[in-house]
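[1] turn this into a structure:
(6 chains)
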There are 4 protein chains.
Amino acid sequence: MGEKSVQKKQFILETAKNVFMEKGYKEVTMKDIVDACEISRGGLYLYFNSTKEIFLEVLKMEQDETDDVFGSSVPDNAAASDILALFLKEQKKELLRKKSSLTVAIYEFFFQNKVPKKDNIIRSQFDTAVKIIEHLLDEGVKNGELYCEDSLGTARNIMFVIEGLKISAQTMGITEEMVNRELLYIMRGLVVEE
Amino acid sequence: MGEKSVQKKQFILETAKNVFMEKGYKEVTMKDIVDACEISRGGLYLYFNSTKEIFLEVLKMEQDETDDVFGSSVPDNAAASDILALFLKEQKKELLRKKSSLTVAIYEFFFQNKVPKKDNIIRSQFDTAVKIIEHLLDEGVKNGELYCEDSLGTARNIMFVIEGLKISAQTMGITEEMVNRELLYIMRGLVVEE
Amino acid sequence: MGEKSVQKKQFILETAKNVFMEKGYKEVTMKDIVDACEISRGGLYLYFNSTKEIFLEVLKMEQDETDDVFGSSVPDNAAASDILALFLKEQKKELLRKKSSLTVAIYEFFFQNKVPKKDNIIRSQFDTAVKIIEHLLDEGVKNGELYCEDSLGTARNIMFVIEGLKISAQTMGITEEMVNRELLYIMRGLVVEE
Amino acid sequence: MGEKSVQKKQFILETAKNVFMEKGYKEVTMKDIVDACEISRGGLYLYFNSTKEIFLEVLKMEQDETDDVFGSSVPDNAAASDILALFLKEQKKELLRKKSSLTVAIYEFFFQNKVPKKDNIIRSQFDTAVKIIEHLLDEGVKNGELYCEDSLGTARNIMFVIEGLKISAQTMGITEEMVNRELLYIMRGLVVEE
DNA sequence: CATGAATGAGAGTTCATTCAT
DNA sequence: GATGAATGAACTCTCATTCAT
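    Below you'll find the model as predicted:
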């Protein structure tokens, strides 16, 4: 595939991502993507054979971007509790950003496609997040900022709460206040009060 | 619609429920239900006009059944912590029952149908569960079995964890061990150790 | 068929007539009539086997009523030109009564059902009207009120104009003014000016 | 749509026109046209979305052709009365051409689609014809060939008679003799007898 | 590489007609 | 007589997928 084709493929993926953000996963047809990309029907098939194939590549793209973000954005000399708070704030922003998120599409996709653990982006992102939180908790405890007896258990607990908030945001709807309340509840149990 | 038809309607709903458990919500077509019920194309339309209509009635049916269960199954003179443990065990069973659950269908349905709060079964079940847990916690604290400063906050936290486990079960897959671990984590923070 | 059944049949015909006036002929389904009559599907089939059958009986009913009207409403000792004017006025009223007329239904019916001359209500009504007009013209000429060399030809001409107005009313729409103009044009050619 | 498609679109319209001539307007389904064109179900939808859309384009096509004919076929130096006779003869041919005419389809279409005056082909053709006849009458009077006091009124009268003949041809059936008789009746009133 | 016309399978929906009760 | 549940044929419309150009 020439360089030009690589660009076109990239363009299709970016455009398709928007479509998935709009309509979720199941609803999206090849026609939707063809229309959004303003290319020919046959043209799309030169690059992808199904919405599933496209979605998988969109996911991979997403994952790469997320990895980058994760790696870069952590301030070096910040206090662990501050970083944790920052992390939670980030999650909150994501949670409340109703539209223009792949969340629903990802859920729909994984509902019907049972993928092996290692390819499961939800799983790997969950695990990564747990590890990061665990590490932050350990740091916080070491520094005396935080109190936590079981950092791994707590990290997992936090992530399940966040997952719970995430799905609730998409199904029953949640307000910013509700998210704040939950995150506060979590932090209250961790921060050492003077 | 005569008495006979009520039975048939019920039969269709039961059958359709199985179809939704099998295939989720979006995937299901009127034809799927026609085939499952072994009735004629037109026959189904005598009772329902769309899968959405059917699904809504299946949900209502479900909810009624759940209400019954909730009302009846609580032992009278049990210790609060035991009832709570029982409740969590029930949730666990539900969580791990991969197939033959409407969970995925319900998620898919509420992804695309934003219904008013009061009609949102997910919301109302969530709220009901929170109230029950809160009450149990209060009882437990009163009896000295449990320790909990903010029973409402804790109840909500527990339910969000359960929601998190529920969606995780459907997307990344979870083992019984994982569920146990989480529920244990929750209980550990509540039970007064001697 | 008992007396009761005769009444019911009559009721169906009256109701069906309204449906045909509303929707024309082709559009009407057995279901439409069942719904309008608020009887059972099977019930209708006890009396009629198709919309065509129903329409034919509606037509016959209509024809009988029209015959009655024609017979009774002619004042005995009136001047021929006055009766003619009255007749034309009646036609005008009919023409402009857009809704609640069987006109369109009749047209649609005869477009696709080529019936033998004698059963063709349009034909027989046309012929009857021609005869009446011809007679009136003859009378008028005899009395010196009217001038007309070819009473039969004129009668036919008048009726074709009226047919033309009738179809125009249903297709391109006509105003009262337009009808007046045409009828005036006709009368001007007939009335002896002093 | 490429050049090739334009040809195909044209082909569909021509074929559809025949279908409409056969079956009228209301009766015709997309499937009828698909079958007549021997194309695929989906193929037709590439060009048109409904029988209404197709019929409207067939009408436009027809109108264009008619306009051409009107413009070209008038001999230059002919006597007005001859042209008028020619015109009426043309109408007669049209009238008697029972099958293979869009007449019925057009009537059916305009029965249920009330279109604005300017888009109403029946109306505009009627008006055009009136103008032409009026002009011919004026010419004829000027030349002393014809006698007519109210050329516009007469023109309109003639056209309503023709409309009446047209609808009668489709509903009660008319013979060539009947048409001749009517046209003769009209001409007799106009031609100056020596 | 790219196009877009073409196909055909399949979903939704409506009704005429039948038939057990 | 009367009911209305049930059937199945027919129609509309949309897409995934192919293929000649």
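
[2] looking at chain A, which residue is nearest DNA strand F?
    The nearest approach of chain A to DNA strand F comes at residue A:29, 2.6 Å away (CB to the nearest atom of the strand). Yep, even glycine has a C-beta here, placed from its N, CA and C like the rest.

[3] so what's that residue up against?
    Residues counted as contacts of residue A:29 (CB atoms under 8 Å, 6 or more residues apart in numbering or on different chains) are residue A:51.

[4] what's the one helix or strand in chain A whose mean pLDDT sits lowest in contact with?
    Here the helix or strand of chain A ranked lowest by mean pLDDT, DSSP states H and E is helix A:51-72, holding a mean of 82. With CB under 8 Å, 6+ apart as the contact definition, helix A:51-72 has outside contacts at A:12-13, A:16-17, A:20, A:25, A:28-30, A:33, A:48, A:102, A:105-106, A:109, A:113, A:121, A:124-125, A:128, A:132.

[5] also stretch A:87-101?
    With CB under 8 Å, 6+ apart as the test, stretch A:87-101 has contacts from A:18, A:21-22, A:132-133, A:136, A:158, A:162, A:165-166, A:169, A:174, A:176, A:179-180, A:183, A:186-187.

[6] 7 Å instead, please
    Stretch A:87-101 has contacts (CB atoms under 7 Å, 6 or more residues apart in numbering or on different chains) with A:21, A:162, A:165, A:166, A:169, A:176, A:179, A:183.

[7] distance to residue C:147 added to the residues you listed, as CSV?
    Supplementary listing: the contacts of stretch A:87-101 in CSV, determined by distance: CB to CB, whole Å:
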residue, distance to residue C:147
A:21, 84
A:162, 100
A:165, 96
A:166, 94
A:169, 90
A:176, 92
A:179, 96
A:183, 102
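
[8] tell me what the helix or strand encompassing residue A:170 is packed against?
    Counting by DSSP states H and E, the element that carries residue A:170 is helix A:151-171. If you count contacts as 3 or more CB pairs under 7 Å, 6 or more residues apart in numbering or on different chains; DSSP states H and E, helix A:151-171 packs onto helix A:80-96, helix A:103-112, helix A:121-143, helix A:176-188, helix B:103-112, helix B:151-171, helix B:176-188.

[9] columns mean pLDDT and mean neighbour count on top of the ones you listed, output as JSON lines?
    Formatted as JSON lines, these follow (pLDDT from 0 to 100; neighbours: other CB atoms under 10 Å in any protein chain shown):
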{"stretch": "helix A:80-96", "mean pLDDT": "89", "mean neighbour count": "17"}
{"stretch": "helix A:103-112", "mean pLDDT": "94", "mean neighbour count": "22"}
{"stretch": "helix A:121-143", "mean pLDDT": "92", "mean neighbour count": "18"}
{"stretch": "helix A:176-188", "mean pLDDT": "93", "mean neighbour count": "16"}
{"stretch": "helix B:103-112", "mean pLDDT": "94", "mean neighbour count": "22"}
{"stretch": "helix B:151-171", "mean pLDDT": "95", "mean neighbour count": "23"}
{"stretch": "helix B:176-188", "mean pLDDT": "93", "mean neighbour count": "16"}
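
[10] would TSV of those with distance to residue D:192 be doable?
    Formatted as TSV, the helices and strands packed on helix A:151-171 follow (distance: least, CB to CB, whole Å):
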stretch	distance to residue D:192
helix A:80-96	91
helix A:103-112	85
helix A:121-143	96
helix A:176-188	94
helix B:103-112	80
helix B:151-171	95
helix B:176-188	108
